[in-house]
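> attaching a predicted model along with its sequence, questions to come.
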Amino acid sequence: AQSVSQHNHHVILSEAASLELGCNYSYGGTVNLFWYVQYPGQHLQLLLKYFSGDPLVKGIKGFEAEFIKSKFSFNLRKPSVQWSDTAEYFCAVSHAGNMLTFGGGTRLMVKP
Amino acid sequence: DGGITQSPKYLFRKEGQNVTLSCEQNLNHDAMYWYRQDPGQGLRLIYYSQIVNDFQKGDIAEGYSVSREKKESFPLTVTSAQKNPTAFYLCASHRGLTGISANYGYTFGSGTRLTVV
């Protein structure tokens, strides 16, 4: 079965620090990759997605992610975080249709 | 505005009781999903339905049941057989079944937090 691993469960950063959240998946075929964010008390929202083409994907709010096929990875990055980026971030993968498999999530806390 | 409505937002259940969580969407989406969210475990798929009158078990279907009698509605019943029902439940929908519809991603509801007392 396909699995998605997010190795950092909790991350604490100061404002203006750079962010990188790891995501690895197990499926070896063609995949679609997503990062979702859940701000406190809010819905899950799509940050960015990769289907094909340029492996460096830019999303909303200054986030980007790079698909590295050889490493089965889709890490999320942001050069300079803000206090408002405090949230839980989920990596998700789909293949063979629209079924999404989610990682365990990473809770990010940004200290002002 | 189109979206997904989950109700209630908070629900308390006594042990041994069944309880039904509501999920309604007005997006005209074909596919609907129920996920359970637990700390550190991400979102795990309970049931999904890709078309009216049809649904499939997800990874953790035991102790749950669903129905899909209407396109816009996908209620989830947490039965007394579910041993650890206290969790946050998320409903999601998706535009289509296969192919390019995958480009549109999922829309999520705001969730129902169920607590067994």
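Received the coordinates, thanks.

> got the contact list for residue A:8?
By C-beta atoms under 8 Å, 6 or more residues apart in numbering or on different chains, the contact set of residue A:8 is A:21-22, A:106. C-beta: built from backbone N, CA, C; applies to glycine.

> surely it is within a helix?
No: applying DSSP: H, G, I helix; E, B strand; the rest coil, one finds residue A:8 to be coil, outside a helix.

> so how far is residue A:88 from it?
Note on residue A:8: its distance to residue A:88, by C-beta to C-beta, to the nearest Å, is 12 Å.

> kindly report the same for residue A:30.
Residue A:30 sits at a distance of 28 Å from residue A:88 (criterion: C-beta to C-beta).

> and for residue B:12?
24 Å.

> between the two, which has more neighbouring residues?
Between residue B:12 and residue A:88, counted using other C-beta atoms under 10 Å in any protein chain shown, the more crowded position is residue A:88 (19 against 13).

> so the more buried one makes contact with residue A:109?
No: using C-beta atoms under 8 Å, residue A:88 is not in contact with residue A:109; the gap is 10.1 Å.

> what is the burial count for the residue nearest to residue A:17 when sequence neighbours are not counted?
Excluding the flanking residues, the one nearest residue A:17 by C-beta to C-beta, 6 or more residues apart in numbering or on different chains is residue A:81, at 5.8 Å. If you count neighbours by other C-beta under 10 Å, residue A:81 ends up with 21.

> and the pLDDT at residue A:81?
On pLDDT, residue A:81 comes in at 97.

> repeat that for residue A:94.
84.

> next, the residue nearest to residue A:17: secondary structure please.
Strictly by three-state DSSP, residue A:81 counts as coil.

> list the contacts of it.
Residue A:81 touches A:13, A:15-19, A:108, A:110, counting by C-beta under 8 Å, 6+ apart.

> residues touching residue B:16, list them.
Contacts of residue B:16 (C-beta under 8 Å, 6+ apart): residue B:80.

> what are the boundaries of the strands in chain B?
Remark: strands assigned in chain B by DSSP state E are B:4-7, B:10-13, B:19-25, B:31-38, B:42-51, B:54-57, B:64-66, B:76-78, B:87-94, B:106-108, B:112-116.

> tabulate those strands in a markdown table, adding columns for distance to residue A:68.
Shown next, in a markdown table, are the strands of chain B (distance: least, C-beta to C-beta, whole Å):
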| stretch | distance to residue A:68 |
| --- | --- |
| strand B:4-7 | 33 |
| strand B:10-13 | 41 |
| strand B:19-25 | 35 |
| strand B:31-38 | 27 |
| strand B:42-51 | 21 |
| strand B:54-57 | 32 |
| strand B:64-66 | 37 |
| strand B:76-78 | 37 |
| strand B:87-94 | 27 |
| strand B:106-108 | 24 |
| strand B:112-116 | 37 |
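
> any chance of these in TSV, plus mean pLDDT?
Shown next, in TSV, are the strands of chain B (pLDDT from 0 to 100):
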stretch	mean pLDDT
strand B:4-7	94
strand B:10-13	92
strand B:19-25	96
strand B:31-38	93
strand B:42-51	91
strand B:54-57	94
strand B:64-66	97
strand B:76-78	97
strand B:87-94	93
strand B:106-108	87
strand B:112-116	93
